[in-house]
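Student: from the sequence below, what's the structure:
(chains A and B)
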2 protein chains.
Amino acid sequence: MADFEIGVVLTQLFVLFFLAKVSAIIVKRFGIQGLVGEILAGILVANLVVGDWSLMHFLGLENLAYEHVIMVLAELGVIFLLFTVGLETKFEDIISVGKPAVYVAVIGVILPFVLGFALIMALHDMYMEALFIGAAMVATSVGFTAKVIQEMRLFHAIESKIIIAAAVIDDILGMIILGVVVGIANADSTGGGIDIVSILEIAAVAVFFVLAVIFVGVVGIPKAHKRRTARLTCDTSLKRSDHFQISPFALALIVCLGLSALADIMGLAAIIGAFLAGMLFTQFADVCSDLEERFTSVNDFLLPFFFIHVGLMVNLDSFLDVELLLLGAAIILLAVVTKYVAGIIGVRLGSPKLGKESGAIVGIGMVPRGEVGITVAYIGLTAAVVAQEMYALVVFMSIVTALIAPPWMAKVFRQKYGD
Amino acid sequence: MADFEIGVVLTQLFVLFFLAKVSAIIVKRFGIQGLVGEILAGILVANLVVGDWSLMHFLGLENLAYEHVIMVLAELGVIFLLFTVGLETKFEDIISVGKPAVYVAVIGVILPFVLGFALIMALHDMYMEALFIGAAMVATSVGFTAKVIQEMRLFHAIESKIIIAAAVIDDILGMIILGVVVGIANADSTGGGIDIVSILEIAAVAVFFVLAVIFVGVVGIPKAHKRRTARLTCDTSLKRSDHFQISPFALALIVCLGLSALADIMGLAAIIGAFLAGMLFTQFADVCSDLEERFTSVNDFLLPFFFIHVGLMVNLDSFLDVELLLLGAAIILLAVVTKYVAGIIGVRLGSPKLGKESGAIVGIGMVPRGEVGITVAYIGLTAAVVAQEMYALVVFMSIVTALIAPPWMAKVFRQKYGD
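Tutor: Numbers count the residues shown, from 1 in each chain, chains lettered A, B, ... in the order given. You can find the predicted model right below:
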């Protein structure tokens, strides 16, 4: 216990939460989403150095044991966020936007991967590094977009449904690409071949997992629903009649944590599991209308740590070099344009009836890379294939895309749906 | 990141939360509070061993990095619980029960310390160990009692107020005793003297902290209240008019985390700070009536980890020895009787108008030692003053008192206030 003091954790949580909220209030004055302020607060905390004094060191956040705690709170925050998005999404909705979502996801994976790979190859001619950076540019982090959708109450907009469905497919494709890239890296260092069969097997299991949950949601739940409705109740007080029951909120937490863990074990993002779990509970939303409210309360506490934690990963020191800044700008431009174009083309091919405006909204919604891009680059860094400065660039790209997409998306959403 | 997998954490949280809830449902069938089931689930997880296979090892909970995460969730849970208790408590209430609370606390500190010390001295004749075990028998963990009060909605019962106020004083006294005991241990090993002045200084600062917050609550807040009321709103949707504001819930979280951290830094329990923070917000309860509901939602997720975490500390292996079991029974009896008697005598001396029934309720409410007793004994263990088996005994005592008090308290409460 000596090297892990609860008082230190509480101080960290207090300072981070306080700065996140103050920063959110400041950016809101400029009409920008609070989450942008929370990310900026994280960047500030990570980079505030006065002489020998650093805020990170002062807070003890350089100690991994404490950093892990913030990371878990962050992950739980984004998990519960995606659960609430799932709560507002019917399985039929996802199936109905299947076609445009597949187009958006596939084009949005191929374009950034191929062009990212080509850019790094043209400049550095190191194909392993180029592969990892291409892979890092693929992965959409849907948390940032989801928060905007939630704040604007636009769950039922067709664009929101396409974005969420495309993000699920994007994650599966990203997982396959990462599997292949890591396989090539291992084959490269050991001199063996790539086990493409086992990668596809893992991917098949992940697809099966997603389809199985959707199947349960479409077929299983409606049947069980009728029988259970009478037994489930929102009341959490200690009435005698409640003794045999579990509250829907506790049940939702169990299913949400379970499917998130399962998704992670399958190699998918945990938030995909949380989103699917949320969809399983849409049926109960009418029985227990406060489920979303309760998750939102938990998230008002946890989610700021997600945004601040993403900001904490940025080290501004890495960008004192002009050449690196230029390369960073090029990568960011590529990251934004490829997803934007994928949105426009994907929606046109999949849902020709929808206008270009919808394609733009979807494209912008897929722009944020956030912690997913950082994680992919980090795997390359620890495999000693991605250089430290290239890793810093990917972090930069991941953060900038996460910072610009929310206000941009809110703007185009407002243009279409009004305030 | 390699040695700390988010998927492992999610799996642990899923399994622990699931078992806690199932266990709570089972004990509720017997009319026992769910928290007892949650503690038992923790004990089960910690001790489920089949041959070479252990559940703790299987879940990865033996790894300290993961254990720390559970510990933080646990601490946040009990912090937010005490905040909600504070929300229901007016400063005037606490001041009005000051006299009986002081009697209950002082007698409830002296009796277990002196008799605990005497028992261990009589049996083992090791005075340092006896001092630590006496100190461990002093500290009431008010979380268990608070949960019962919250579930039964008996915040406004006079006994509840006395228990909470006495727990605050108990914590300050316990801190002084622990300071003195640790001082003696250090003096013992280094051959120096005890710096009783600096211990009293630290205690004085802690008392000043508590009184200062109470002063702010009684004098400062009502004034600020009138001016602020118009600006605070419960609405968290993204209306333009909200852009300059912070939600009361976020503000409450900031103050709660801040005062909890401060209390811990002062050497008090963090929950004392959380309780004081809650009292600061009682004034706003009418403006924003959903504050308690929101904290309760957060707690429905976090608090089970507090109870399960306490259970996780128990190692049943230590109790295969008959002699040790007998000693354990004696310590538990002493721990229960001393607090019970302190409640009866303290209430009689402080509030002669209240009946013996009230004294019994208060005494029972002070019985749980929980994680506080364990922490004190752990300090003695790491100082190599308390033997491993004596540490196990204190853990046993702390858990048993936490297990028996809630149903007992609920029973006497029901006898007085009905169902």
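Student: these two touch, right, A:G346 and A:A105?
Tutor: Yes - the pair A:G346 / A:A105 is scored as a contact, 7.5 Å apart, by C-beta atoms under 8 Å. Bear in mind the C-beta positions are built from the backbone N, C-alpha and C, glycine included.
Student: setting aside sequence neighbours, what's the nearest residue to A:V394?
Tutor: A:A377 (3.7 Å; C-beta to C-beta, 6 or more residues apart in numbering or on different chains).
Student: which strand or helix spans the one you found?
Tutor: helix A:370-382 (DSSP states H and E).
Student: can you give me how far that helix is from the chain middle?
Tutor: Here helix A:370-382 is found 13 Å from its chain centre; the criterion is C-alpha atoms, centre = their mean, to the nearest Å.
Student: who's in contact with that helix?
Tutor: Contact with helix A:370-382 is made by A:74, A:128-129, A:132-133, A:135-141, A:143-144, A:174, A:178, A:181-182, A:185, A:269, A:309-310, A:313, A:386, A:388, A:390-391, A:394-395, A:397-399, A:401-402, B:1-2, as judged by C-beta atoms under 8 Å, 6 or more residues apart in numbering or on different chains.
Student: report the buried residues of it.
Tutor: Neighbour-count burial for helix A:370-382, counted by 16 or more other C-beta atoms under 10 Å in any protein chain shown, picks out A:370-381.
Student: equivalent analysis for stretch A:363-370, please.
Tutor: Within stretch A:363-370, the residues scored as buried using 16+ other C-beta under 10 Å are A:363-370.
Student: just the contacts of helix A:370-382: which are in helices?
Tutor: A:74, A:128-129, A:132-133, A:135-138, A:143-144, A:174, A:178, A:181-182, A:185, A:309-310, A:388, A:390-391, A:394-395, A:397-399, A:401-402 (DSSP state H).
Student: what's the neighbour count on A:D195?
Tutor: 14 (other C-beta atoms under 10 Å in any protein chain shown).
Student: find the nearest non-adjacent residue to it, please.
Tutor: A:G183 (6.2 Å).
Student: neighbours of that neighbour, just the number please.
Tutor: Neighbours of A:G183 (other C-beta under 10 Å): 17.
Student: re the thing from before, for the buried residues of helix A:370-382, which one is nearest A:F301?
Tutor: Closest approach between those and A:F301, by C-beta to C-beta: A:E371, at 19.0 Å.
Student: and the angle for the helix or strand containing A:L349 with helix A:370-382?
Tutor: A:L349 is part of helix A:322-350 when elements are defined by DSSP H and E. Here helix A:322-350 points in a direction 130 degrees away from that of helix A:370-382 (axes from the mean of the first three to the mean of the last three C-alpha atoms, to 10 degrees).
Student: tell me which residues of helix A:322-350 are tucked away?
Tutor: Within helix A:322-350, judged by 16+ other C-beta under 10 Å, the buried ones are A:324, A:327-328, A:331-332, A:334-336, A:338-350.
Student: sorry, back to before: tell me the mean pLDDT over the helix holding A:A377?
Tutor: Averaged across helix A:370-382, pLDDT comes to 88.
Student: and the angle from that helix to helix A:127-138?
Tutor: Going by the same axes, to 10 degrees, helix A:370-382 makes 170 degrees with helix A:127-138.
Student: and helix A:370-382, C-alpha only, in CSV?
Tutor: Only the C-alpha atoms of helix A:370-382 are listed here, as CSV (Å, rounded to 0.1, in the frame of the first residue of the first chain):
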residue,chain,number,x,y,z
GLY,A,370,-8.4,9.4,-30.6
GLU,A,371,-7.1,6.6,-28.4
VAL,A,372,-7.5,3.9,-31.0
GLY,A,373,-5.0,5.4,-33.4
ILE,A,374,-2.6,6.0,-30.5
THR,A,375,-3.0,2.4,-29.3
VAL,A,376,-2.1,1.0,-32.8
ALA,A,377,1.0,3.2,-33.1
TYR,A,378,2.0,2.3,-29.6
ILE,A,379,2.0,-1.4,-30.6
GLY,A,380,4.4,-0.5,-33.4
LEU,A,381,6.5,1.6,-31.0
THR,A,382,6.9,-1.3,-28.5
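Student: where does the prediction get shaky in chain A?
Tutor: Counting by pLDDT under 70, chain A shows low-confidence ranges at A:1-2, A:221-244, A:284-289, A:419.
Student: repeat that with 50
Tutor: Applying pLDDT under 50 to chain A picks out residues A:1-2, A:230, A:233-244.
Student: which residue ranges of it form strands?
Tutor: Using DSSP state E, the strands of chain A run over A:49-50, A:53-54.
Student: for A:A139, what are phi and psi?
Tutor: Backbone torsions of A:A139, given as degrees, to the nearest 10, read phi -70, psi 120.
Student: make sure it is actually in contact with A:D171.
Tutor: Yes - using C-beta under 8 Å, A:A139 makes contact with A:D171 at a distance of 7.2 Å.
Student: comparing those two, which residue is more hemmed in?
Tutor: A:A139 (30 against 26).
Student: how about the more buried one, what does it touch?
Tutor: A:170-171, A:174, A:178, A:369, A:372-373, A:375-376.
Student: also A:L59?
Tutor: Neighbours of A:L59 in contact, by C-beta under 8 Å, 6+ apart: A:11-12, A:15, A:45, A:66.
Student: again, but for A:L131
Tutor: Per C-beta under 8 Å, 6+ apart, neighbours of A:L131: A:117, A:181, A:184-185.
Student: quick check, nearest of those to A:G51?
Tutor: A:A185 (40.6 Å).
Student: and A:L381, how far from B:L253?
Tutor: Computed as C-beta to C-beta, to the nearest Å, the A:L381 to B:L253 distance reads 35 Å.
Student: against A:I164, how distant is the closest residue to A:L48 other than its chain neighbours?
Tutor: Leaving aside its chain neighbours, A:L48 sits nearest to A:L55 (4.1 Å; criterion: C-beta to C-beta, 6+ apart). Distance, A:L55 to A:I164, using C-beta to C-beta: 36 Å.
Student: more neighbours: the two, which one.
Tutor: A:I164 (26 against 16).
Student: wait, isn't that one in contact with A:L276?
Tutor: No - using C-beta under 8 Å, A:I164 is not in contact with A:L276, being 10.9 Å away.
Student: which parts of the stretch 1-150 of chain A are helices?
Tutor: A:6-29, A:34-47, A:55-59, A:64-87, A:91-96, A:98-124, A:127-138, A:142-151 (DSSP state H, counting those that start in this stretch).
Student: list the buried residues of stretch A:185-196.
Tutor: Those would be A:185, A:194, for stretch A:185-196 by 16+ other C-beta under 10 Å.
Student: next one: stretch A:150-164
Tutor: So, applying 16+ other C-beta under 10 Å, buried residues of stretch A:150-164: A:150-152, A:154-155, A:157-164.
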